[in-house]
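Participant: Based on what follows, work out the 3D shape:
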Amino acid sequence: DLGVKLLLEKNIADITNYREQLTKDEEIINLRTKIVAAAASQLENGVITATEYVTELNALNTAKLNYETHKVQLMKAQSDYLTNKGKL
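Facilitator: Down below sits the predicted model:
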């Protein structure tokens, strides 16, 4: 069925997209972790305020949440693919 094949192509594109996004998310998390470590040192030395440190920490936590969200979206896309594949 043509409709199912088109759905499968979309599912494959979604899976690829989420896998690429997870790779980017991991890079962002690694960079944000380094930034937070530097900010912690700066906070200890009085270079930045606690507010500035918390801002960087929040950015790291947001990056981690994005990663987890994309993992769930990838799993859903994989499930959708398998469901649609079963319709053939």
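
Participant: for whichever strand or helix holds Val54, packing partners?
Facilitator: Assigned by DSSP states H and E, Val54 falls within helix 50-85. Other helices and strands packing on helix 50-85, by 3 or more C-beta pairs under 8 Å, 6 or more residues apart in numbering; DSSP states H and E, are helix 2-44. (Each C-beta comes from the backbone N, C-alpha and C, glycine too.)

Participant: Which residue is the nearest non-sequential neighbour of the most centrally placed residue in the chain?
Facilitator: The centroid of the chain falls nearest to Tyr67 when counting by C-alpha atoms, centre = their mean (2.5 Å). Spatial nearest neighbour of Tyr67, chain neighbours left out: Asp25 (4.0 Å); criterion: C-beta to C-beta, 6 or more residues apart in numbering.

Participant: Show me which positions of the helix holding Val54 end up buried.
Facilitator: 53, 56, 59-60, 63, 66-67, 70, 73-74, 77, 80-81, 84 (16 or more other C-beta atoms under 10 Å).

Participant: what about that helix, average pLDDT?
Facilitator: Helix 50-85 comes out with an average pLDDT of 97.

Participant: Quick check: the gap between the closest residue to Ile29 other than its chain neighbours and Glu26.
Facilitator: Nearest in space to Ile29, with sequence neighbours left out and distances taken as C-beta to C-beta, 6+ apart, is Ala63 at 5.0 Å. To Glu26, Ala63 is 9 Å away according to C-beta to C-beta, to the nearest Å.

Participant: One more: Leu2?
Facilitator: 37 Å.

Participant: Comparing these two, which shows the higher neighbour count?
Facilitator: Using other C-beta atoms under 10 Å, the more surrounded residue of Leu2 and Glu26 is Glu26, with 12 against 6.

Participant: That one and Asn66 touch, don't they?
Facilitator: No: with contact defined as C-beta atoms under 8 Å, Glu26 and Asn66 do not form a contacting pair (10.7 Å).
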